[in-house]
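S.K.: I'd like to go over a predicted model; first the sequence, then the structure.
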Amino acid sequence: MRRAETIERLYLDFDGFFASVMQQADPRLRGKPVGVIPFDPAVGDATVVIACSKEAKARGCSNVMRVAEARALCPDMVFVTQRPDLYRRAHNTLINEITCEIPVETVKSIDELSCILDKSTIAEPEALAARIKSRIRKNVGDQITCSIGFAANRLLAKVACKMDKPNGVTIWHPENMPGPLLPQPIDIIPGIGKRMQARLQAAGIITMEQLWNSQPKQLRAVWHSVNGERMWYALHGYDVFAMPTDRGMFGHGRVLPPEQRDSKSAAAFSRVLLTKAARRMRRDGFFASKLWLALDMRQGAWYAERDLPSVRDDQACLGALKLLWDKANREIPPRHEIIRVFVNLSELSPANARQLDLLINDDVERQKCEVLTDTIDTLNRKFGKRVVTIGEWTPPGEYAGAKIAYNRIPSAEDFM
């Protein structure tokens, strides 16, 4: 493991991305405090602000705040309904612009990315940041701004990126570390949430200085894994890369509109979500051997799962989902309000490692269903939207399955 002697990474975070994209698309929103919400504004206070603009944050508002709280802090806030496909297209446009100045190493989320610096950009990081910001301003628009951090590795660059928001540039040279890091709270480090912070406090680590002065094996014990040790080395400027992980599942979740929180509507939403998850799974070349359905309700939660015979077709997935809903309807009182629904395809296997069930006539029946599903996928890709579906495509709406995605960049097919 090598300790960097100079800055080697750039980390870029778009400021209030979803709200600023809305402001760029609609001039009437510019300069105003804007809150992005999942449902039509007519719903009123019965939802949350998914994202808010720089102007709203300056007034004390924050993401994932209830609309009523945001309205109390900022009575003139303008609430707009999410437009996930617009965010996807904006993301792709911005990546193209940044790539004209420096290759993008990793897209971390829809509004964050990192780059590896070369000799010229290491020598003049301020100039690189200025060129990126200028290109975005000229070719995309002046409403979308970004904060940029430079440091020895990705973790430190990401933390540096948070120091001067919005629209700032922060450079942490290794020879100046850990000076600018020590005054920060420990939860500014990615991976240290409330639970991990509690573990650290139990180990006597409360401040950033105590975290810095800890030992690798000590943090490994706190994390209960090698990730704690890796975090220590990253914090100290070593060139640490995240280990690759295998795909574990394909799933979708959705908060239901207030007027559609009954069992029948939730089941209709879950069919759409599962169809989209299965389509993503096929696109990536996997089969699933388990389906689970989870419901969040005001009165608690409900969960069930069902084994699948290593399938990828819509008929098998939707048939299993119906059986799970039959179980849910037997076990959940009819008046329970369902707030959120999740579906998940798991226990994945790639196409070249598929294990068939000897007790099922898979070679005949399953293959017929797979051919039919592949034909449906082809027709929908060619003609757009939902030319052919298995059963009625309900509930209606452009974004029945797609939503704001922080850690996954939606494909155009997610909006079909």
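M.R.: Nice, thanks for sending it over.
S.K.: list the contacts for residue 221?
M.R.: Applying Cβ atoms under 8 Å, 6 or more residues apart in numbering, we find residue 221 in contact with 203, 228. No exception for glycine: its C-beta is placed from N, CA and C like everyone else's.
S.K.: now the one helix or strand it maps to: average pLDDT?
M.R.: Assessed by DSSP states H and E, residue 221 sits inside helix 216-223. The average of the pLDDT scores along helix 216-223 is 95.
S.K.: give me the buried positions along that helix.
M.R.: For helix 216-223, a neighbour-count test (16 or more other Cβ atoms under 10 Å) marks 218, 219, 220, 222, 223 as buried.
S.K.: hey, C-alpha coordinates of it in CSV?
M.R.: Once non-C-alpha atoms are left out, helix 216-223 reads as follows in CSV (Å, rounded to 0.1, in the frame of the first residue of the first chain):
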residue,chain,number,x,y,z
PRO,A,216,-5.6,0.2,12.2
LYS,A,217,-6.3,-2.9,14.2
GLN,A,218,-8.3,-0.8,16.7
LEU,A,219,-10.6,0.4,13.9
ARG,A,220,-10.8,-3.0,12.5
ALA,A,221,-12.2,-4.2,15.8
VAL,A,222,-14.7,-1.3,16.0
TRP,A,223,-16.0,-2.0,12.4
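S.K.: so how far is that helix off the chain centroid?
M.R.: 28 Å (Cα atoms, centre = their mean, to the nearest Å).
S.K.: for residue 109, give its distance to residue 14.
M.R.: 10 Å (Cβ to Cβ, to the nearest Å).
S.K.: between these two, which has more neighbouring residues?
M.R.: Per other Cβ atoms under 10 Å, whichever of residue 109 and residue 14 has more neighbours is residue 14, with 22 against 15.
S.K.: how about the nearest residue to residue 327, chain neighbours excluded?
M.R.: residue 304 (5.5 Å; Cβ to Cβ, 6 or more residues apart in numbering).
S.K.: quick check: which element contains the one you found?
M.R.: strand 300-311.
S.K.: residue 273 too?
M.R.: Going by DSSP H and E, residue 273 is in helix 263-283.
S.K.: what is the rounded mean pLDDT of that helix?
M.R.: Mean pLDDT, helix 263-283: 90.
S.K.: what does stretch 67-74 give?
M.R.: Per-residue scores along stretch 67-74 average to 92.
S.K.: list the buried residues for that stretch?
M.R.: Neighbour-count burial for stretch 67-74 flags 67, 70, 71, 74 (criterion: 16+ other Cβ under 10 Å).
S.K.: in JSON lines, list those along with secondary structure and distance to residue 345.
M.R.: Compiled in JSON lines, the buried residues of stretch 67-74 are given as follows (DSSP: H, G, I helix; E, B strand; the rest coil; distance: Cβ to Cβ, whole Å):
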{"residue": "67", "secondary structure": "helix", "distance to residue 345": "33"}
{"residue": "70", "secondary structure": "helix", "distance to residue 345": "35"}
{"residue": "71", "secondary structure": "helix", "distance to residue 345": "39"}
{"residue": "74", "secondary structure": "coil", "distance to residue 345": "41"}
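S.K.: so what strands line up beside the strand holding residue 304?
M.R.: Taking DSSP bridges as the criterion, strand 300-311 forms sheet pairs with strand 286-297 (antiparallel).
S.K.: and the angle from the strand it pairs with to helix 263-283?
M.R.: Computed by axes from the mean of the first three to the mean of the last three Cα atoms, to 10 degrees, the angle separating strand 286-297 from helix 263-283 equals 150 degrees.
S.K.: looks to me like residue 344 is in a helix.
M.R.: No. Residue 344: not assigned to a helix; according to DSSP: H, G, I helix; E, B strand; the rest coil it is strand.
S.K.: got the domain ranges for this protein?
M.R.: Split into domains by automatic domain parsing, the chain comes to 1-173, 178-243, 249-410.
S.K.: can I get the buried residues of stretch 67-74 in CSV with distance to residue 369?
M.R.: Output for these, formatted as CSV (distance: Cβ to Cβ, whole Å):
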residue, distance to residue 369
67, 44
70, 47
71, 50
74, 52
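S.K.: with respect to residue 196, which of those residues is nearest?
M.R.: Among these, residue 70 lies closest to residue 196 (Cβ to Cβ), at 28.3 Å.
S.K.: keeping just the C-alphas, turn stretch 375-386 into CSV.
M.R.: C-alpha atoms of stretch 375-386 as CSV (Å, rounded to 0.1, in the frame of the first residue of the first chain):
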residue,chain,number,x,y,z
THR,A,375,-39.9,-10.6,-27.4
ILE,A,376,-41.8,-8.2,-25.2
ASP,A,377,-38.5,-6.5,-24.2
THR,A,378,-37.5,-6.1,-27.8
LEU,A,379,-40.8,-4.6,-28.8
ASN,A,380,-40.7,-2.1,-26.0
ARG,A,381,-37.1,-1.1,-26.7
LYS,A,382,-38.0,-0.6,-30.4
PHE,A,383,-41.3,1.2,-30.1
GLY,A,384,-40.8,2.8,-26.6
LYS,A,385,-42.8,2.9,-23.4
ARG,A,386,-45.2,0.0,-22.8
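S.K.: I'd say the residue nearest to residue 327 and residue 295 touch.
M.R.: No. Look at residue 304 against residue 295 with Cβ atoms under 8 Å: they stay out of range, at 9.2 Å.
S.K.: good, we can wrap up now.
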